[in-house]
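Undergrad: whatever this is, show me its structure:
(one chain, ligands or ions: 1)
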Amino acid sequence: MSEIRLNLGCGKTKLKGFVNVDCEKGAGIDKVWDLNTFPYPWEEGSVSEIVMDNVLEHLDKPKRVIEELWRISADGARIRIMIPWHKKMTTLWVPEHKTEFAPEWFRTFDHRDEWHVSAYGRHGYSPKENFRIVSLRRTRRGERIFRKMPMVTRMLIYEIEVVMEAVKD
Ligand SMILES: C[S@@+](CC[C@H](N)C(=O)[O-])C[C@H]1O[C@@H](n2cnc3c(N)ncnc32)[C@H](O)[C@@H]1O
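TA: Here you go, the predicted model:
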């Protein structure tokens with residue numbers, strides 16, 4: 001498989017062995033790219049791994065982004081996405097956040113998933129983009145940020161992490 005691994009919207013968190021991409025220039029940024037601009041500058045099927053850590057909620061068209069991740073992914077490429085837990089409703093209090101994602105949002109892209117088949121298939125929605133969801137869980141990663149803020153509600157520590165693999169054939 002290809003060796004291209006992308007850390008999209010890396011900010012200050014650079015990953016070794018990855019192309020660290022952000023719209024803002026900065027130390028350690030390998031590629032400056034606005035992730036609202038399509039197509040992304042990687043060939044179809046050329047990428048083996050993608051990380052998007054707390055970025056998707058910042059973007060204008062998240063569904064379009066998932067379609068583009070699928071396009072640039074090789075068969076079996078692993079995509080790991082972390083987002084705020086939707087029940088925190090961060091779109092109400094973080095001006096940069098544009099979308100909330102319930103776990104089902106990701107399940108619509110897994111063609112095997114009953115959510116995709118029953119809820120979406122019934123309405124004739126059948127995207128060609130197909131991902132196998134490997135894991136989809138609520139984590140306590142926000143603890144690293146909110147631990148020292150006793151006045152904020154404990155629910156702020158929760159994030160959602162989805163790991164999925166592109167299915168191309
Ligand atoms: C909450 S930070 C997360 C940074 C890093 N992934 C981390 O977890 O530490 C969101 C990042 O997304 C980047 N970002 C926001 N909109 C973007 C866009 N349209 N294109 C590329 N990067 C974007 C921001 O510059 C910022 O670095």
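
Undergrad: my guess is Val55 contacts Trp33. True?
TA: No: look at Val55 against Trp33 with CB atoms under 8 Å: they stay out of range, at 12.0 Å. No exception for glycine: its C-beta is placed from N, CA and C like everyone else's.

Undergrad: if you count what's nearby, which of these two comes out ahead?
TA: A side-by-side neighbour count of Val55 and Trp33, using other CB atoms under 10 Å, places Val55 first with 21 against 18.

Undergrad: roughly how far does that one sit from the ligand?
TA: Shown here: Val55 relative to the ligand, a distance of 4 Å by CB to the nearest ligand atom, to the nearest Å.

Undergrad: which residue packs closest to that residue, ignoring adjacent ones?
TA: Excluding the flanking residues, the one nearest Val55 by CB to CB, 6 or more residues apart in numbering is Gly9, at 3.0 Å.

Undergrad: does the one you found really touch Ile50, like I thought?
TA: No: contact criterion CB under 8 Å: Gly9 and Ile50 do not qualify, at 10.6 Å.

Undergrad: Asp53 against Leu6, yeah?
TA: No: Asp53 lies out of contact with Leu6 (CB under 8 Å); the separation is 11.7 Å.

Undergrad: neighbour-wise, which of these two wins?
TA: For Asp53 and Leu6, the more surrounded residue by other CB under 10 Å is Leu6, and the numbers stand at 28 against 19.

Undergrad: now that one: how far from the ligand?
TA: Taking CB to the nearest ligand atom as the measure, Leu6 falls 11 Å from the ligand.

Undergrad: spell out the secondary structure type for that residue.
TA: Classification of Leu6 using DSSP: H, G, I helix; E, B strand; the rest coil returns strand.

Undergrad: write out the residues of this protein neighbouring the ligand.
TA: Contacts of the chain with the ligand, taken as CB under 6 Å from any ligand atom, map to 9-13, 22-24, 34-36, 53-55, 58-59.

Undergrad: repeat that for 5 Å
TA: 9, 11, 13, 22-24, 34-36, 53-55, 58 (CB under 5 Å from any ligand atom).

Undergrad: for ChimeraX, what selects the buried ones among those?
TA: What follows is the ChimeraX syntax selecting those of those that are buried according to 16 or more other CB atoms under 10 Å:
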select :9,22,35,53,54,55,58
